[in-house]
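Q: Sequence first, then the predicted structure, then my questions.
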Amino acid sequence: MSRELEETLRDLVERDSCDAAAVRQACDGESIPDAVRGDVWSCMLNVHGKPDSVSSRTMTLADEGGTLREAAQRLATLYDEPQSNPSFANDLEKVVLAFCQSRDMSFDAQSGFPELVAPFIACKLSIGDAYNCFYSLHNKFALRDSKETSWAFSVFRLLLLYHEPELCTRLDTLKLQLSDLIGTWFTTLFAGACAPPVTLALWDFFFQTADPFLVFFVALVLLVNAKDAILEADTDLDAIKEFLREMPQQISDSDIPDLVDLAQHYSTITPDGFRAQYQHSLFNASGPRRSGSRATEQSTAVDPNVLLCFHLTPSSFLTRASTQSEDAVPLILVDLRPEVQYQEGHFTGSHEHLEAQLMLSDPDLFDTQLSELKGRTEHGHTCFMGSNVDDHLLEMVVAKALQKQFCGVSTMEGGYEALFKTCKAQGTTDQFLDGVYVDHSAVVETNPLVQEEEPKVQPAAPSRLSSWSTAFKQTRERAAAAYREKKEVWGTKLKEKSQELSSALKASIRGDDGLYRPDEIKAKFSIDSDDEDDEHAVPSVTYLEQAMPEVITQKTRAGEFVVSIPLLEQSQAATNVFPCSEVQGEIMYPSVLVLTDTHLLKFRELNAKDRAGLIWEKPFRDIVKVTARKKYPLISFYFKDESADTKSAQVAVHEAAPPSTQPQPQPADSSTAVPETVSKQETSEKSEDAADASEKVDQSEAKAKESVVSEPSQDGSASTDSTTEPAKKTPDIPKGTTLERILVPQLRQAKEALQAAILRSRGQTS
C-alpha cells in the first residue's frame, strides 16, 4: 500500500499543475512516504514550483548573541543530519533570517521559527522550497500571537471547559497558565515537543486537513489523556508542568493516526461557530501581519476572556439536530423561558424545559431541578436557550451549570427569537417548532418591567377628545426631554435603594424592576412589622394570582406581575376588559382596566407586544366614589387607602380640588409627594395644570348634572346611586383617600359595567 501510494503521489506532484485537492484525496488519511513527503507538502501548501527567492539574497540581519545559530545546530543534531546533510544548520539559519528580513523584524528566540523550518529542511527540500513552504505555513497555520495574553489560550480554555469541565476547573484552581503548559505545542505545532518522526507524521495530517484548529484538538486529546495524572498531582505545580513537557515525547509515529482520529472526533462535536469567529484573529491566514492590524481584526470578534462558554448559532444547531446519528453525542436544548412562552412555541426535538426565573423566586427548587437535569443529560451536550439576546438570566443559569460541571455547555446565540427567525427563513417552522401560538411565539420580553423609551402619549382623538390631545401633544417634547435627562440618574438611584430592601418595601418608591409608578402605589408584600429581618419577607398571594393565574407570564423578584393582554381578554374571571389611558398630569399611559366579580384591576401596557404590568388591584369595597361625564370620557376613582399617611392623602385631595378652595401642596419629602422622574419646577407646573384641569372638569360636571356617584356607607363599602346630583366644587373626601383618573373611550359600557359590578359587590357583602 505504501509503495502504491508513493507512486500515485509522485505522479501527481510531477505534473505541470499540481492539484492540492487531488493530492489530499489520494492521501486519504494515510501517512505520506518519506521519498515524496517534501514535494507533497509543497503541493498541499500551494507553493510547488514557485521560484527560489532566498539562495541569491544577501542577509543583512545579524544573529544577536548567536541564539539562532545555536538553535540551528541543536536541531541538526536532533534530526540526525550533520552527516547526511552538512548544510542543514546553515540552510535553516538562512531561511529564518530571510523570513525575518522580509517581515522587517528581528529574530526572537521564543518565536519557534527554527523548529518550524527544521522539518522542511529534513525533507530534503532545497533552501528556496523550504523558505516557500515555511512562508505558507506561517501564514496559514502559525498563531499571530503566542504570548501569555494571546486569545489562543483563552479560546483553548473554552474548548477544554466544553469537553472536560472538571479538568479545566482543576487547572483554574491551581492557577496554572495554559501558556506555560502548552505554549510550545502551539508555537511550534508540536515540532518543539515531539521527536522528529512524530512531527513529520503529525504534519502530514495538518496539511491534509488544512485545518489550523487541528492543533487545538490534538492538544485537547493529550490533556484529556493526562487528566488523571493532573487530578492526582495535588498542588505540585512543577510535577504537572514536567509531566506535560515529557508526555509528547512518549508518542510514537504509529500513534499519530489514532491521535488525529480522536482530535477530529472532538472537532465534529464542538460548536463550529468559534472557528469562523476567531480564525481571522488567531491565525495569519490573511497574509503578512501589519502593525496595528491585530487590534482591528480582534475588535470584530468577542473577547473570549469574557465568555462563559461557546455560542451555537441557530443554523448550526438545526443542522446538527437534523443530521444527528444514533451513535453520535446527543445535543439537548434546554429552554429557560417562562412556562407561558414555552407553551406558545418551543423546539420539537431533544429538549428540556427549565424556568430560569426559579433561580430568583425559588433557589432551592431551581437547584434541585438543575441537578436532576444534569442526571438526564450526563451522556450528551447541553445548549441553554433564553428568550433573546438580552436575556441576562441565561448567563446566571450557565454559570450555575458550569459550577455543577455540566459537560458540553453552550448557549443558543440570540435565544428563541433567533431560532424562530432562522426556522421561518428556512421554511422549517413546522418541522422544528411546536406550540399553541407558534407564529407569534417569538414576541418575548426578557425584562419587560424596564421601560427604555419615553412614556407613550395618547394619539390625537377626533371630536370631543381633540382639546385633550392638543394639550398632550404640546407637552410631549418636554416630557420626553425630562425622561432622557433623568434616565441616567435612575440606575444609580435604583442601585442605592436595592441595598435598603426593608425600607424599600415599606416606602412608596419606584420598584427595583425599573417600572415607574405613582407614589401612592406600593408593591404587594406581606410584612410583619415585628419582624426585624425584612430581607426575608415573603410576598403575599395577590388576587391576580388566585383568580387569573393563567394570564401571568412573569413575576419579578419584587413581586410585580406581567400578563398577556390576549389571555386577559379570554379569562373567565374577567367580566369586562376596557382599553384605557391612565392620566398623570398632562401625560397619558396606555393601560387596560379589568373588572371581575369582586375586584377592579389596572394594567399598564409595556413595550413588548401584548404585554402589560399590573399597577394595582382594588376590591370594590375600597371604592369611595366614582364620577363620570358624557362630555369627556374620563372616570375618576376615589379609593380608600388606609395605608397612606395624612400627607399623601391631603395631596390627593388637593389634586382633585380647584385652586380657589384648596392651597397648592408643598411636600417636604419629594420621594413621597412627587415622582422621582420630575424636577421640582416641573412638579409645581404639573400640580397647577392638574388643578386647573380639575376645576374645568368640576365646572362641566355642574353643568352636565349627570354622574355615577357612590357615597361611602357606614361600614366603608361603596354604595351606588343611579340618580344624578350636581358635583361639589370641594369634594368631601376623607383623609387617606387617593384619586385615579382613567380615560375610557368606551365610557357608556364602562359606566354600566361598573354600576353592575358595584351592585353585585354590595349584595355579596351586605
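A: Thanks, I have the structure now. Numbers count the residues shown, from 1 in each chain.
Q: Can you list phi and psi of residue 441 for me?
A: With angles defined as degrees, to the nearest 10, residue 441 sits at phi -80, psi -10.
Q: Check which element follows the strand or helix carrying residue 398 along the chain.
A: Using DSSP states H and E, residue 398 falls within helix 393-403. Sequence-wise, the next helix or strand downstream of helix 393-403 (DSSP H and E) is strand 409-412.
Q: Could you name the helices and strands sitting against that next one?
A: Counting by 3 or more Cβ pairs under 8 Å, 6 or more residues apart in numbering; DSSP states H and E, the packing neighbours recorded for strand 409-412 are helix 151-163, strand 310-312, strand 381-385, helix 393-403. For glycine as for every other residue, the C-beta is placed from the backbone atoms N, C-alpha and C.
Q: Neighbouring strands - and their directions - for the second one?
A: The reference is to strand 310-312. strand 409-412 (parallel) (DSSP bridges).
Q: Could I have the CA atoms of the partner strand written out in PDB?
A: Presented in PDB, the C-alpha positions along strand 409-412 are these (Å, rounded to 0.1, in the frame of the first residue of the first chain):
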ATOM      1  CA  VAL A 409     -22.300  23.500  27.800                       C
ATOM      2  CA  SER A 410     -23.100  26.100  25.100                       C
ATOM      3  CA  THR A 411     -25.800  28.800  24.600                       C
ATOM      4  CA  MET A 412     -28.100  29.500  21.700                       C
END
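Q: And for whatever helix or strand comes next after that strand, what's in contact with it?
A: Following strand 409-412 in sequence order, the next helix or strand is helix 415-426 (DSSP H and E). Outside helix 415-426, the residues that touch it by Cβ atoms under 8 Å, 6 or more residues apart in numbering are 314-315, 317-318, 335, 337, 341, 345-347, 385-389, 391, 394, 412, 414, 429, 431-433, 441-442, 444.
Q: Please identify the deepest-packed of the helices and strands packed on strand 409-412.
A: strand 381-385 (a mean of 25; mean count of other Cβ atoms under 10 Å).
Q: and the angle from it to helix 393-403?
A: 160 degrees (axes from the mean of the first three to the mean of the last three Cα atoms, to 10 degrees).
Q: Looking at the contacts of helix 415-426, which are in strands?
A: Cross-referencing the contacts of helix 415-426 against strands under DSSP state E gives 335, 346-347, 385, 412, 433.
Q: quick one: which two of those residues are the most distant?
A: Put simply, by Cβ to Cβ the two of the ones in strands among the contacts of helix 415-426 set farthest apart are 412 and 433, 13.4 Å from each other.
Q: Please say which of these two ends up with more neighbours.
A: Neighbours per residue (other Cβ atoms under 10 Å) separate residue 412 from residue 433, with residue 412 holding more: 26 against 21.
Q: what pairs with the more buried one across the strands?
A: Beta-bridge partners, per DSSP bridges, of residue 412: residue 312.
Q: residue contacts, it?
A: Residue 412 neighbours (Cβ under 8 Å, 6+ apart): 311-312, 314, 317, 333, 383-386, 418-419.
Q: I'd like the residues you listed laid out as a markdown table, including pLDDT.
A: Listed next are the contacts of residue 412 as a markdown table, based on pLDDT from 0 to 100:
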| residue | pLDDT |
| --- | --- |
| 311 | 90 |
| 312 | 90 |
| 314 | 92 |
| 317 | 91 |
| 333 | 94 |
| 383 | 95 |
| 384 | 95 |
| 385 | 95 |
| 386 | 93 |
| 418 | 92 |
| 419 | 93 |
